[in-house]
Each structure stands twice: as C-alpha cells, then as structure tokens.
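S.K.: build me a model:
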Amino acid sequence: SLLLSPSLVSRLSRSLVSLMFSSFFLELTQPLRTSHFCQVLNHEVLAQLTEAVDTVRSKAADCEGLVICSAHSNFMAGADVKAQLELASNREAKKQKLAEIKAVFDNIEALPFPSVAVLCGHVLGGGLELAMACRHRLVDGTASLGLPEVKLGLIPGGGGVVRLPRLIGLMQAVPLLLSGASISHTRAQCLGLVDDVVVSSQDDVHHSHGRPSWFAHLELAWGAGRLRGDIGSKWPLCVLGHTWLEQAMLHYATVRQLDVKTQRTLPAPYICLDVALRAWNCKNALSAAMALESEGYLEASATLQARAAMRLFVTAKAAMARADANSQAEPAANPTASARATADGPLDALEPLYVVLGVTRSGVAVAQGLLFRGCDVLLCGAGLATEEALNTAEARVAALFAPQVAKKRLSAENVARLLTNLVVVADTQVPYPNDRQPVVIECLADDSGTLECKQQAIRAAQAVAAPDHRQHGHRPAVVLSYTRCFTTAQLAAGSPRPADVLAIAMLNAERNASSVVELVGRKSAGPRALQAAVGLVSVLGKTPVLVGDAAGGVVHRVALAWFAEAALLAVEGGASVARIDSLLTQRGFSHGPFAAMDTLGMATVGCLARAISGTVAGPTDRVCDGLSVLVALADEMVLRGFHGAAAMHGGNHGTGFYRWLKGKRQGANVALKGLLQTVRSNHAHEQHRHEGQQRAAATGAPEPGVALSTKRLKQLSNADVVACLYGALSNAACQCVATGLAPPSEIDMVLCMGLGCPPLEGGPLFG
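M.R.: The predicted model follows:
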C-alpha cells in the first residue's frame, strides 16, 4: 500500500518525510504485467495518496520537508483512461473526481515546508501535474515529461493548464499543452520545468539496499539552502505573455497553426488554448484559474472525439493484455501442439536470437528495427538472394538509419556500434547457438506465386535445430512469417512443427509506419509461436492484435477495398488523385489512398489485389469492379515505369501517383492524366466484352453490343467523394466483423493505428 516508510525516513533524514509508491513495486511480481506495466493515478492510488498527504499535514510541526518518489522505474503515466471513459457521460461524477485530484495537489502545494518530487521514467499527465504541485523537482536521465491529454481529445484536469505556464512561461507552455508531446529531461531543465538532473542507479527501483543515488544530491541541495525558498518563489517572472498584445499575437499565431493542422476538426486544442490564456490572467486567483480548467476539461471530455480517442487507447491496452494472456495459455483445440510446446519449455528461458530470412525491403526494414532496439540479428539470404544483394545488405540497413541521424537522434558512431550486432549470411544452414532461442522472421517475396517458396524456407529454418534438439541442447526455431497474401494454415502446411509457425501482418513494414502488428491465426498457432510474436512486437515498440486466420489480416483487406474505391473514382473521373488524397487528409487521415499505394509500391499493390481479391468481395459487388480497375491501374503504372516511392534505393525516391524525393511528396505525376484515360478505355472495353459474353450465354448466340462510353463522369462533390471512401472502409470493416476476424473495437484500433484513419473519429465502426 501507499504509505509513509519509517525505514526510508530513518535512512534519509529526520527532517525529511518520504512518500513511497511501494504498491507499484509490488505489482511487478505479477509476470503478465511486467512487460507492459506502468503505474497510473487510479481511484485506489488517489485515495491512498490523499490519506498519506493528510498524515503529512497532521505532522507538519515536526517536519521540514517532503520527498515524493517512486519505487517503480516509472514515476507515473497519468490518470486511469479506462475509468475516465466509464465516466464520459456522467458530468457530476467527473466534476467530483476533478475536485478530489485538485484538492490533494493543492494540499501538497500549500505545505508550509519544501516538497520535492524525484522523477524517473514516464512522468506524464497526472504524474507531471503531481510533480508540478511540489516546490522542487529532481529528475534522472531516464525521464520523459509531458501532458499528452490533448491526444485523447481532453485537456489536463489536475492543474496542468494552470501550473505549467506559471512555471515556464505562457509562450513556452502553450506549444507543450497543445501538442501533447513529451520532452527529455535535458529539455525540461532548459525550460525550467525541473530544477536539476541526478544520476540514477539500479538501486533506485528498490530502496531496500542503502540510500538511493539521488539522496546525496538532495542532501547537498538541502544543506546549501536551495530547497528552502518560500512558496511565492515557485512562480518565476516570465518575460513574455503579460500584455494583451503579446497574448493576442500568441492566440492569432496558434489558431492559424491549429487550423492548418486540424482543419478545426479537433476541439481539444482550441479549448486548451482558451483555458490557458484565461487562467493566465487570473494572476492572484488560483482557485478561479482551477475552476476555468475544470470547466474546460468537462467540455472537452463530453465531445465525441474524446470518447473515440479514449476508446482506442483502452482497446489497445486490452489487445496487448489479451495477446499476452493467449501466449501463456495452452490452445485446447490442438492438444498435439500443446504437448509439443510444453515439452520444449517456455521461450523466455533463453534470450531470443532474431533470424531474418530474406534481404527484401521488408526483411531489411525488420532487421533495422531490431538493431535500433539493441538486438542481435542474423540476416539470411535463404539461398535465394544474389551475391550483390548480400554484399549491399548491410549498407541498405545502414541507410535506414539516415532519418534518425539527420534528426540527431543517433550519431554516426552509434549507428556503427549498432551495426556490429548484424551478421549477414547466404542461407539458413547455420547452427544456432545453444544459449539462445532462435526466432525466425520470414520476409521473402510475398505474392500469389511464392507460397511454395515460403513453405520451403520455413521447413529449412526449422530443420536446422530440429534433429535431436534435446540431446544437442538446441531449441527448435519458432517461425514468424511476414505476409500479406497467405494464412498461418497455408504457411504451416508440411512443416515438421506447424504449431511453431505464425503469420504476422503489418501494412507497409518497409517504412515502419504502422504502430500495430496483427498476429494472424490465433487458433492455428501454439503458445510458443504466440509468445515469440508478442515478444517481437513488444521489442519493436508496437501493439500486438490477435485476429482470425485470413489472408492479409484486417488491415490489408480493408486497405484493399479502400484502394479499389479510390481507383474507381479516379478512373471513372469522379475526382482527381490529388483531390481525393487532399479531402481525406483534411478529415484527419494521416495520408490518402494514393499516397499509401505509392509508399507500398505499385507492384505490391497489384500482387495484393490478385492474391486476396476473391475473399473481400462478391462477383457483383462494387468492390469487385474496383479491384479489377485497381489491378489494371497498377499493371499499367508498372509497365510505364511508375513504381511508386519505393522505386529507387532506400525507398525514398521514385514516381507513382506523385513524384517523391527523399521520402517527401513533391507534386503530382504529370503523365497521370493520359494513364488514367488509357485504363478508363481498357476498362470500358473489358466491360463491353464481358456483357457480350453474358448475352451470348443467355440467348445462345452472340449479339453485337453497343460500345460503352469512355467519357469521364461528372465531377462528384467533396461530400460524395468522402462518403464513397468512408463507405468502402465501413463495408470492408463490417465484413471483417461478420467473418469473426476480430471484435469491432479492435478493428477500429487496427485501422486507426495501422491504416491512418482519424483516431479522434474512433474508426469506421465507432458509434
């Protein structure tokens, strides 16, 4: 429980009272929560915090200071979003909860002696608001600080909108409040949000072994008198933002930036800006400023966007927990696979060795992602790669680090050090080390004609360690196959260990753009494969989602229907390529369908359409007509040399629907108009031939038909274009629900986090 620790008090000083979050440390003993655990300010913690602060206030005469720290590696990651979602429609309950949080933070702020917050790990939302209620803040090198509520359609409700500007100034606080971005400990120190940075150590997570490392720094600061200032000295004199002209200029510039970025579809940033300016002018009335913040929070939390964003957040956490739980359970439907998996022992007994099969674009991207997170990677050509591809594989991996180097997130020396963990070999006939668990990630070419090749590669990867693996100390490899076109059952056919094979799907893995990975075939794979997949996805920093065994998973099936509708609109002349993409990005999509097809590559789009088109639409469906147009369009573009953004080395240059340079869109393809006219004409003639065949079959004799017109349709309105594209998304998502691929909430999450649908609209199935 959250309590005052007498042992820590005796170690620190008789003049310091320590408030410890020991319950969070005890939670780490639960294995299922260790990998994703992060403490939050829920109802129980708030009640214990209130009781502890009341105890401190009752002993104020005997105390000279208060230290608030965490026994966990993260200080606090904010409030309980699930509880907030449950109260979304109850205004009075939300108002009461805000009053309770503000009361305990105000009591800490009003203590007659100094209060110090020692920050580590995630210090977000309510955790940062708690820290700002203290008079001083010490931070270690692992900390990241921020108020991300605006990303959930909310505004800070525990005093963040009021206290942050008073700590660092209005001009510097507004960008942090409206972006929801996290900042590093060094940036926080430059802004004046924290007082000092201390060096952390392993003993900081558990304080039972002597004094924590931050205590020496705290003792020196206390002895020097730096922690004994009066309460009024907490608010620094800010240079800008005091006059009405400065505030008017800030408001004007910020609103213009928000209009460009959000198209006024997101109310939370505008509410937050209004509350911040009004609260800033309540100079000597803190209670009035807090009341303004509470009203703003209640207004933002009542919006549809807030409920949608909170639902997605809660669904992502639930999906992660469900994937963890399934990876630990035995599949009752396959007792043979269960017996084998149990006999071989758990995967977490040994450190994984990631073996990437294939030096394709996806294979190189997966290898780079693992190297970036410090993993050892064995990149294999699987006996199919050319000598030139093998020789340039390391250079291609290094090229993918260029964006991080350009943004100064990595130095050239760091990249060189990471590349020492990469080994490139020609085939899989390399014995795995005895002290590592091999996890093979198959990334070979993926189209309708490569199934047998992928099956052979999977069998070869499993055969390396399979014979007498117990006698020789080897563990059998688990194979995760990155695929857009096949199911787990298809890939595992003929495998000596089918339960250790699992298909994974992620849209555009080559660009690492998706934050969600689908584990396709939850009922076909065994617990070892699921556990390896969850571990891989966690290492990559993404969210795992269990879906049914269907080719492409959810994201590729829905994306294909979306692409088909967009292609049909463009070819028929209802709207131009640039207009379609522009309309969707204005609605909050991260990109339009044609920009997405460019980044995938036109050859990939054509292969995907051929491979799974029969499973996403019936023969009379509009999607079926759109798919035929999409295939023809992709083939024509490849024939003319328009391969998309992935045409040249590194996947950053080329021409598709747009011209691309260094990963950025430069403008429309000038040859697109004639290309669309060609596809339109060919499609019309194909329809004419098909109708002639139908008439011949019905009447018994061929009849000359009237040639169909190849003229463009009348331009559709903006609302009609958006309705057509939203309808395609919704229909494809409903089909995924009907076939049992995943629950509606998880499908919405996959489409928002994987396809780029607006998160603050909740997805095509929300509402």
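
S.K.: helices along the stretch 1-150 of the chain, start to end?
M.R.: Assigned by DSSP state H, counting those that start in this stretch, the stretch 1-150 of the chain shows helices spanning 6-12, 22-27, 31-34, 43-58, 81-86, 91-109, 126-133.

S.K.: which one, of those, ends up nearest to residue 452?
M.R.: Of all the helices of the stretch 1-150 of the chain, it is helix 31-34 that lies closest to residue 452, at 38.8 Å by CB to CB. Backbone N, C-alpha and C define where each C-beta goes, glycine included.

S.K.: give me the average confidence score over that closest one.
M.R.: What helix 31-34 shows for mean pLDDT is 35.

S.K.: ok, now stretch 714-731?
M.R.: Averaged across stretch 714-731, pLDDT comes to 89.

S.K.: next, the buried residues of it.
M.R.: Judged by neighbour count using 16 or more other CB atoms under 10 Å, the buried positions of stretch 714-731 are 716, 721-722, 724-726, 728-729, 731.

S.K.: same thing with stretch 384-391?
M.R.: Buried residues in stretch 384-391, counting neighbours by 16+ other CB under 10 Å, are found at 384-385, 389-390.

S.K.: and it, how far from the chain's centre?
M.R.: Here the centre of stretch 384-391 is set off from its chain's centre by 33 Å, with CA atoms, centre = their mean, to the nearest Å.

S.K.: and residue 664, how many neighbours does it have?
M.R.: For residue 664, the neighbour count with other CB atoms under 10 Å is 10.

S.K.: check the gap between it and residue 508 for me.
M.R.: 16 Å (CB to CB, to the nearest Å).

S.K.: again, but for residue 570
M.R.: 21 Å.

S.K.: still on that earlier bit, which one of the buried residues of stretch 714-731 sits closest to residue 185?
M.R.: In terms of CB to CB, no member of the buried residues of stretch 714-731 lies closer to residue 185 than residue 729, at 41.1 Å.

S.K.: pretty sure that closest one sits in a strand.
M.R.: No: if the criterion is DSSP: H, G, I helix; E, B strand; the rest coil, then residue 729 is helix and not within a strand.

S.K.: which strands or helices does the helix or strand harbouring residue 254 pack on?
M.R.: Taking DSSP states H and E as the definition, residue 254 sits inside helix 244-262. Here helix 244-262 is seen to pack against helix 170-179, helix 267-280 when contacts are counted using 3 or more CB pairs under 8 Å, 6 or more residues apart in numbering; DSSP states H and E.

S.K.: any chance of those in a markdown table with distance to residue 143 and mean pLDDT as columns?
M.R.: Below are the helices and strands packed on helix 244-262 laid out as a markdown table (distance: least, CB to CB, whole Å; pLDDT from 0 to 100):
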| stretch | distance to residue 143 | mean pLDDT |
| --- | --- | --- |
| helix 170-179 | 15 | 93 |
| helix 267-280 | 23 | 94 |
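
S.K.: which one, of these, ends up nearest to residue 660?
M.R.: Among the helices and strands packed on helix 244-262, the nearest to residue 660 by CB to CB is helix 170-179 (26.9 Å).

S.K.: list the contacts of the closest one.
M.R.: With CB atoms under 8 Å, 6 or more residues apart in numbering as the test, helix 170-179 has contacts from 146-147, 150, 155-156, 160-161, 164-165, 167, 183, 191, 238, 240-241, 246-247, 250, 254, 258, 269, 272-273, 276-277, 280.

S.K.: quick check: of the buried residues of stretch 384-391, which lies closest to residue 740?
M.R.: So of those, ranked by how close each gets to residue 740 (CB to CB), first place is residue 384, at 35.3 Å.

S.K.: quick one: that closest one from residue 424, how far?
M.R.: Taking CB to CB as the measure, residue 384 falls 14 Å from residue 424.
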